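Undergrad: 3D, please:
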Amino acid sequence: MRSIVILILTVTISLKSFGQNPIVTAPPDTTAILFGQILQDTIKRDTTETPSSVPAGNMQLTAPSKYYSLIKPNAITRKGLFTVHKVDDQYYFEIPDSLLGRDLLVVSRIAQGAAGVRQEYVGYAGDQIGNTIIRFEKGPAHKIFLRRISYQDNAGDSTNSMFSAVIRSNLQPLSAAFGIGAYSPRGKGSVIDVTDYINGSNDIFFFSAASRKTMHIGSILSNMSYIKDIKSYPLNLEIRTIKTYNESTSDNTFTLELNTSLVLLPKKPMRKRFADRRVGYFTERYTDYDVNPQGVKVINYIKRWRLEPKPEDMAAYKRGELVEPQKPIIYYIDPATPKKWVPYLEQGIEDWQVAFEKAGFKNAIQAREAPSPEVNPDWSLEDSRHSAIVYKPSAIANAAGPIITDPRSGEILESHINWYHNLMSILHDWYMVQCGASDVRAQRMKFDDELMGELIRSVAAHEVGHSLGLTHNFGASSTVPVEKLRDRAWLEENGHTPSIMDYARFNYVAQPQDSVTERGLIARIGKYDLWAIEYGYRYYPDIPTSENEIPFLNGAIVEKMKDQQLWFASEFSTDDPRVQTEDIGDNAMKASEYGIKNLQRIVPRLNAWTYVPNEGYKNLNQLYNGVTNQYNYYLGHVMSYIGGTYETIKSSEQIGPVYRVVPATLQREALNFLNKNIFQPPMWLLDTVILARTGQNASQIIAQSQELVLNSLLSYNTLTKLAEAEALYDTRAYRIINYMDDLDQMMWAELNTLSTITVYRRYLQRYYVDKLIELSKNTTALSDADAVIKNKLGEIKVRLKKAIPKMKDSMTVFHLKYLDDKLSKLP
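TA: Residues are numbered from 1 along each chain as shown. As a prediction, this is how the structure comes out:
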C-alpha cells in the first residue's frame, strides 16, 4: 500500500475586488467535511489500486446510528479499558471520551507459532513482532482517527517559542480512520467498528515492517483469517487473532495465532533518570531544542522499572530502612519449562533481591510460576501486564532479555525473556572446556541436575539483568588480578568477576591444585551489579526534578569509581584490551597461559570424557572444536593489546586522561605470548587419538589460528593505530619500526640457528610474506607504515639469500627459494 501523506491547509481568499470583507475563511464545518472527504477519497483510491490490501479503518460514510440500533440485545459485551461489543460477527470498541488523546502502548506477539516457517531466532510462541504507541482522537465528520506517536523531538516547556516551532514541524501521522457508528447513551463515548481493521494486516496491531521482512510475511489470506477473541481489562485490552499469510519468498502459506495488547500508559509519566556513560544502562533518547539555547542536545535517560515506596513507608525509606515498593517486579515462569529447572530460574531472578536492597527496597523482584488454565483461565503469557521467562522448544543455544518501555520516561513496562531449550548444550560444552580440569562433575557428557541448574541460574541472572535495564559491562572482569582467580578464599567472597553482566562466564584460570569451588568458577551477581541497581533505582523524594539529580548522581559516580571494581566499560570500546568478551583477569597474557595449561590437561582426556555407549565420535568432535575455539579466544584476548588504547570515561570533575596508550611493555609481552603459543606450533593441540577418530586436519587447525593472528597483527587498522600512537606519545608508544623488527625476528628464528623449518612454520612464514606484499601494494593512509613495510620486504630478501646456501634440509631450501623468487618479482 502506498504511504498516505495528509496536509492540513489553512486557505484565505481575498474578495476585496468584489466589495466584500477583506478576508474570508471557510466555515469550520465546511473545512472539516472537506478534510474528512479528502481522507476518505485517498484511502478509497489507495485501496482500489491495491486490491490485496486492507482498508485503514472502515469505510463508513453514513451518519451515526442510534446506540441500541447498533449494539443489539444479543451483543456480547465486555467492560474494561474500552467496552468491547460483539454483535454477530462484528466487533466494536466503545471508546470513552476520557481516553481520547491518551497514549496507548501496542505490543504484538506470536501466541502460537506456525509449523515449518520459523527462522533462526524468530517465529516462536512469545516472540514480539510489533511495538508502537498510538492515540485515538475524534475528528471531523463523525470520525475517530488512530494516530501513531513518536517522542523523538522535544522542546521543553510549552510556554517557550521553540515549543510551538517543534510542534509545527512534527505532526504525528494518522494511520487509520473509523466512522463513528454510534455515540454512547450519555454522549461520553464513541462506538467504532474495528472488525475489518483487526481482520486485516497492518503494522500497528500486527507485524512491524522489520518483523514482516525477517519472517518473510507476504499478503494476508482474508478468507483464512479471523478474530478469535477480544478481552478487556481495566488498563489493557487483549486481542487474539488467527492470521494466514503467503510466504513472501515461496508459494507456501502458514497460519499463526497472534496476541495484540493495548495498554494504557500512565497519564503522568515516571520521572526520568538521566543516563551517564559511566554506568551501563539501556536508554531512551530524544532531541531537545530547549535545553541548549545555542543549539540542540540529544538527551539520554535510562530504562528502568518504576519502583517507589508506598506513601505510608516514605518516612521509613528516608531513614534508610528497607521497604517494599508500591508495585514489585514480578516474573512468571512459563508452564512449558521442565519442572526441574524452575527453581534455578526462580533463583536467577531473585538473586537480584540483594541489589535492590542497596537501593532501599526489599522483596522488589519476585519469581512466580504461571497459573495453570484450570486455576486462572483468563491468565495469558502473552498478556502485556505479565513479565515472564518464556521457554522455547528450539535448537538455538541462546537466551535473550528484551524489554518494553514507555518512551516518554524510560519506564520498563514488561519483559519477556526468551529461553531457548538448546542453551543447555552450549553451557555444557563451555563449562567442560573451561572448568573440566578443576571440576570433576564437568568430566562427562551429561551433567547432574544440580550442576546444570547452577549454570542455568547464572545465565538467568544475566538475562534478568538486561530486563532490569542493564547493558553488558565487558570491562568488569579486567579489574580482578589474575592471581586472585586462583585464590579460593577470595573467590568464595567475591566471585571471579564483579559483574554478572560481563561475558566472563567461567573461571578458566583456576588450576586443579587450587581446589576452587563452584562459587569461584561460575559467574554470579557482583559488586558492580549492586552499585548499578542502586544508581538506577534509588528513589530521591527530596530532590525535586530529574535535572536536580544530575550533580548529585555525578558526585556519587565519581566517589564510586575510586573502587576499581565498580568501573563500567561499554562493549563498544573496541580498542581497549580490558573490554573483551569471554575473558577474565587484569592481564590477558597471564590469564591465557593458565587457560592453555588447563586445555593441555583436557585434550588427552576428551576421548574418555565424551564417551557414550553405542554412539560414534560426534561428541568428541564437538568438544575438540570447543577446545580449539577456546584456544583462539585466548589468542584474540592477547592480540587486542597490540595498538590498544585504554578508554576510561570521566566527567570534567575527575582528574587524569580519558584515553591512554597501552604501555609498550605490555604490547611486547603480548607479542612474546603469541610467539610462544602460536608462532611456535601448539603441538599439544594435535592429539593423535582425537585426530584419528574425528578426521580433522592437523595442518588446517594450526594454519587457521596462525592466519587469525597475522591477519590482526598485520591489518591496516593495527598498523595505523601503532603509527598514530607513536605520533602522539612518541617514546611511550610501541614504535612501529620496533614492532615490525620484533615480529620479523620471531618469524625467521630458524635463519639465525640454520635449523630445519617445520611444515607448520613454513606455512606461517609464507602467509607472513604474503601479508607484507599485500600491504605494500596498498599504500593509502598508512603513513610511516608504508616505508617500514617496504624496507622490511627488502631485509627479508637479503636474509633469505644468505641463508639458502647454508641450509641442509631439502624442504627448507625449497621453501626459502620459493619465497625468494616471490620477493624477486616485486617492483
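
Undergrad: for the nearest residue to residue 485 once chain neighbours are set aside, helix, strand, or coil?
TA: Nearest residue to residue 485, sequence neighbours excluded (CB to CB, 6 or more residues apart in numbering): residue 509, at 4.0 Å. Where C-beta positions appear, they are placed from N, C-alpha and C, glycine not excepted. For residue 509, the secondary-structure state derived from DSSP: H, G, I helix; E, B strand; the rest coil is coil.

Undergrad: how far away is residue 573 from residue 531?
TA: The gap separating residue 573 from residue 531 is 19 Å, by CB to CB, to the nearest Å.

Undergrad: okay, the two: which has more neighbours?
TA: For residue 573 versus residue 531, neighbours defined as other CB atoms under 10 Å are more numerous around residue 531 (23 against 18).

Undergrad: could you find the closest non-adjacent residue to the more buried one?
TA: Counting by CB to CB, 6+ apart, residue 566 is the residue found nearest to residue 531 once chain neighbours are left out, at 5.0 Å.

Undergrad: buried sites along stretch 246-259?
TA: By neighbour count, and taking 16 or more other CB atoms under 10 Å as the criterion, the buried residues in stretch 246-259 are 246, 247, 254, 256, 257, 258, 259.

Undergrad: what helix or strand is residue 390 on?
TA: Remark: residue 390 resides in strand 387-392, with elements defined by DSSP states H and E.

Undergrad: with just CA atoms, put that strand into PDB.
TA: What follows is strand 387-392, C-alpha atoms only, in PDB (Å, rounded to 0.1, in the frame of the first residue of the first chain):
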ATOM      1  CA  SER A 387       6.600 -10.400  32.600                       C
ATOM      2  CA  ALA A 388       7.900 -13.900  32.100                       C
ATOM      3  CA  ILE A 389      10.700 -16.200  31.200                       C
ATOM      4  CA  VAL A 390       9.300 -17.900  28.100                       C
ATOM      5  CA  TYR A 391      10.600 -21.400  27.400                       C
ATOM      6  CA  LYS A 392      11.100 -22.100  23.700                       C
END
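
Undergrad: check which residues of it are buried.
TA: In strand 387-392, counting by 16+ other CB under 10 Å, buried: 387, 388, 389, 390, 391, 392.

Undergrad: widest-spaced pair of the residues you listed?
TA: The largest distance within the buried residues of strand 387-392, taken as CB to CB, falls between 387 and 392 and amounts to 16.1 Å.

Undergrad: check residue 35 and give its pLDDT.
TA: The confidence metric pLDDT takes the value 31 at residue 35.

Undergrad: correction: residue 292
TA: Listed pLDDT for residue 292 reads 63.

Undergrad: what of the one 4 residues further on?
TA: Reading off the confidence values, residue 296 has pLDDT 73.

Undergrad: please apply the same query to residue 398.
TA: For residue 398, the pLDDT comes out at 77.

Undergrad: quick one: neighbours of it, just the number.
TA: Applying other CB under 10 Å, we find 16 residues neighbouring residue 398.

Undergrad: now swap in residue 575 and tell me
TA: The burial count assigned to residue 575 is 15, neighbours taken as other CB under 10 Å.

Undergrad: strands paired with the helix or strand in which residue 131 is found, and their directions?
TA: Here residue 131 sits within strand 128-139, counting by DSSP H and E. Using DSSP bridges, strand 128-139 pairs in its sheet with strand 104-112 (antiparallel), strand 143-149 (antiparallel).
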